[in-house]
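In: I'll drop the sequence and a predicted model, then ask my questions.
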Amino acid sequence: MNKAKELLNELQNLDMDIQSRIDEINELEAGLLSSPKWTADKIKGGQAKKVDDVYTQLIVMKEAIEQDTKEVIDRKLELGRLINKLKNPKHRSVLRMTYITKLYVDDICDKLAISKSSYYSMRKMAIEELSIILEHLE
């Protein structure tokens, strides 16, 4: 698979990654907002873990996940900017609708008033143009 297709596939899958991180943050926040369920239990031979320590750990985890999410979103923006470098506006539209907004082929064809065969040839040309752009960046 060429570099352009790899980046487009990555772009297509970033939303799922972002959503899973948002879900993880929401769960942590729900745990932070719920009434304390932890007590200062001491495991045999260990130290007591204070409720404050657990909250601190949860907050640190939440901040780390938020930072990771920001990095994934930045990556999505970076990949979207690569698509912006395509000269042909229809090619940009085809890639954006396919890989960013994830529309069905029929919907893209309707919006652009093109046939399916035109869509597939435009997408192919757009990917080839993106490959050339990526080669020049390296």
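Out: Everything's here; your move. Residues are numbered from 1 along each chain as shown.
In: in the lengthiest helix in the chain, which residues are buried?
Out: Taking DSSP state H as the criterion, the chain has its longest helix at helix 51-84. Within helix 51-84, the residues that count as buried by 16 or more other Cβ atoms under 10 Å are 54, 62, 65, 69, 75-76, 79-80, 82-83. Where you see a C-beta, it was placed from the backbone N, CA and C, and this is true even at glycine.
In: so can I have JSON lines of the residues you listed showing pLDDT and distance to residue 103?
Out: What follows is the buried residues of helix 51-84, written out as JSON lines (pLDDT from 0 to 100; distance: Cβ to Cβ, whole Å):
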{"residue": "54", "pLDDT": "71", "distance to residue 103": "44"}
{"residue": "62", "pLDDT": "83", "distance to residue 103": "33"}
{"residue": "65", "pLDDT": "88", "distance to residue 103": "29"}
{"residue": "69", "pLDDT": "88", "distance to residue 103": "24"}
{"residue": "75", "pLDDT": "89", "distance to residue 103": "21"}
{"residue": "76", "pLDDT": "90", "distance to residue 103": "17"}
{"residue": "79", "pLDDT": "89", "distance to residue 103": "17"}
{"residue": "80", "pLDDT": "91", "distance to residue 103": "15"}
{"residue": "82", "pLDDT": "92", "distance to residue 103": "19"}
{"residue": "83", "pLDDT": "94", "distance to residue 103": "15"}
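In: can you report how many residues neighbour the closest residue to residue 86 other than its chain neighbours?
Out: Computed as Cβ to Cβ, 6 or more residues apart in numbering, the closest residue to residue 86 that is not its neighbour in sequence is residue 92, at 4.7 Å. Residue 92 has 18 neighbours, counted by other Cβ atoms under 10 Å.
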